[in-house]
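Participant: Below are the sequence and a predicted model for it; my questions follow.
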Amino acid sequence: MSEASAASEFAVALLAEFVRLGVRDAVVCPGSRSQALALAAAAAEDAGALRLHVRTDERSAGFFALGVARETGLPAPVIVTSGTAVANLVPAALEAHEGRVPLLLLTADRPVELRGIRSNQTTVQHLLFDGFARLALDVAAPGDDVAEAEDATDVAPDSGIAAAAVRATSLARRAFAAARGVTGGSPAGPVQLNLAFREPLSGGLRGGANAGEVLAAAAVDRDAAWAEGDPETNGRGAATDGESAAVYTHDGDALAVVIAGEGAGLEAEEFARAAGLPLLAEVVSGVRFGREAISAYAALLDDPQIGALTERAIVFGHPTLTRQIPALLRRADVEVVVVDPHAGAQTEHYNPSGDATVVASARVSPEYNPSGMRRWLGAWVVADRQLREQRSTPPASGGESARAGADYKQLAAYARAEVAALRSPVTREQLAEGVWRATWPHDRLVLAASRLVRVLDGFAPPRRIEVRANRGLAGIDGTVATALGIACASQAGDEPARAASVTRVLLGDLALLHDVGSLLLPEGEARPRVQLLVGNDGGGTIFDTLEAAGTAPREAFDRVMYTPQQVGLEHLAAAYGWEYRGVTTRGELDATLKSPVTGPMLVEVRLQR
């Protein structure tokens, strides 16, 4: 039996407390200084206390954990070694900060005597997350009697192996609460525990205790505590102070609209329905459904007979997809109410004009009669329907005519048009609409920051489906890794819906190539049912919509903006062990979207620039 190690004692106690608090997933990257944490996570997996996910790239690991948290609301601790390993977590941490997603970063470090002397793989990594981490603690090595930094822990420093476990438990509780934003009113976000370890970097536990048994017991405690719901937030909303608990009560007759961006939650749809108001829901909001939902809201906001008449806007979530929404909210004649559960916290709120009223919640007054807004809502619904009908293809209308009793020639013409449509090249609109319609309520749809999400947002008809997107910073970074985290989390368990669930990802070619390393699924790792639908137009055509496309020299614009590429995606898929399908026609797209997805699949859809 190996000698007892303060590092392992601390690591097991820390992970056990995280498990006890509700953690069900952990992500590990290999490394020497972090070995005690990694081996504790492996013991937790063997004991059935955690789902362990191993990644070789820390940037992928961070975004994978972000995806798990987006799906479950619970952080998945990310375990990495020191040095650049920690720096690679910054992109995911920034997205977690802006997107209000819980993220726990367990970064291993050298003890105090190895800092400041240019020791190998040693840098000032405990300062990398300053300014946006909910909590960043530089924790002295377990068993150390060296005084820690002033804000390092609420527990007085102590020496010895027993003290390591006590301190680990306290740190876990503090970090978990800060990451989830259930204390102090702050939103969920990234937390770093920078954990110094001194050799021996791993070993046994004191008294010959078994790490697996300790972690299994923690899982029993967790499952019992969570049997009736989340013990941290059950029965209460986000923590707020008295001032921030302000509630907006809709009881006026102003011509109002409800706006829903990413993170809006079902409250946005419920409020719009109760108030009888148009719901301008971005596709990334996940609440574009119901009779109040308006698909072509961006075009209608520009309409002087509809959007220009708006007098009030009630905003849920974080809108990011159009220019029309912020333009509306900056108008001097529009009253803006922003609904943010963290209204009273020291954090940023979505407020383009700078003078919006920010409240913690919104409701409709019991005396309010939504029928007074019937004509206003009707104008939006009718105009939206007309715009969608204008998008309808001639074959569809021809089919209706044929079914209504048209003669043989009309039927033949309709059939020829249908065949021609199936053989025609796929357009961006057809790709986006096909993916939208192929996604079922038990599936997950992940929308990358690319041209395709804006195309989809412009016309997607109301449907209640689960949509996920990294819109905190709206970057292409980590799209594949995030989607894999969402897929693994949403497909875990024995429920029939989870067993049938597929995660579809709509992304551009540059978004895929930027995160291509995340295609690597190490041996023994889960291979979820995920379908990457890559609209390959040879570069960043989203920049073709910018003003510079019409003014800059074409050669210079293409080189530094469009950034053309001719990567053989089929070879990438083969190298990483993903199933590959190439799609060029509408018929091939339809067949692919209807075929079973049994594992990781990369679908390349060729598009014209």
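Facilitator: Yep, it's here. For clarity, every value in this text was computed on a predicted model and none was experimentally measured.

Participant: so where's the stretch 151-300 of the chain uncertain?
Facilitator: The stretch 151-300 of the chain contains residues with pLDDT under 70 at 151-161, 183-184, 233-245.

Participant: Which residue ranges of it form helices?
Facilitator: With DSSP state H, counting those that start in this stretch applied, the stretch 151-300 of the chain shows helices at 161-180, 211-225, 266-275, 297-301, listed in chain order.

Participant: Against which helices or strands is the second one packed?
Facilitator: Where contact means 3 or more Cβ pairs under 8 Å, 6 or more residues apart in numbering; DSSP states H and E, helix 211-225 is packed against helix 6-21, helix 35-46. Using the backbone N, CA and C atoms, a C-beta is placed for each residue, glycine as well.

Participant: tell me the domain ranges of this structure?
Facilitator: 6-225, 243-387, 392-423, 428-606 (automatic domain parsing).

Participant: Would you pull up how far the last one lies from the middle of the chain?
Facilitator: Read it as domain 428-606. 14 Å (Cα atoms, centre = their mean, to the nearest Å).

Participant: start to end distance for that domain?
Facilitator: For domain 428-606, the first-to-last residue distance is 10 Å (Cα to Cα, to the nearest Å).

Participant: got it, and stretch 485-504?
Facilitator: With Cα to Cα, one end of stretch 485-504 sits 12 Å from the other.

Participant: got a list of contacts for that stretch?
Facilitator: Under the contact criterion Cβ atoms under 8 Å, 6 or more residues apart in numbering, stretch 485-504 has outside partners 25, 51, 53, 63-72, 76, 435, 438-439, 442-446, 466, 468, 483, 526, 528-531, 533, 597.

Participant: For the spatially closest residue to Arg428 that is not a sequence neighbour, list the residues it contacts.
Facilitator: Sequence neighbours aside, Val455 is the residue nearest to Arg428 in space, at 4.8 Å (criterion: Cβ to Cβ, 6 or more residues apart in numbering). By Cβ under 8 Å, 6+ apart, Val455 lies in contact with Arg428, Glu429, Ala432.

Participant: now do 10 Å
Facilitator: Val455 sits next to Val283, Thr427, Arg428, Glu429, Gln430, Leu431, Ala432, Glu433, Leu506, Gly535, Ile542 when contact means Cβ atoms under 10 Å, 6 or more residues apart in numbering.

Participant: And for Leu377?
Facilitator: By Cβ under 10 Å, 6+ apart, the contact list for Leu377 reads Val257, Ala272, Ala275, Gly276, Leu277, Pro278, Leu279, Arg291, Glu292, Ile294, Pro370, Ser371.

Participant: Compute the inter-axis angle for the helix or strand harbouring it and helix 266-275.
Facilitator: Using DSSP states H and E, the element containing Leu377 is helix 374-391. If you take axes from the mean of the first three to the mean of the last three Cα atoms, to 10 degrees, helix 374-391 sits at 120 degrees to helix 266-275.

Participant: could you give me the average pLDDT of helix 374-391?
Facilitator: For helix 374-391, the mean pLDDT works out to 94.

Participant: If you count neighbours, what's buried in that helix?
Facilitator: Buried residues in helix 374-391, counted by 16 or more other Cβ atoms under 10 Å: Trp376, Leu377, Ala379, Trp380, Ala383, Asp384, Leu387.

Participant: circling back: from the contacts of Leu377, which two are the most distant?
Facilitator: Greatest spacing in those, by Cβ to Cβ: Ile294 and Ser371 (19.0 Å).

Participant: Many thanks, I have nothing further to ask.
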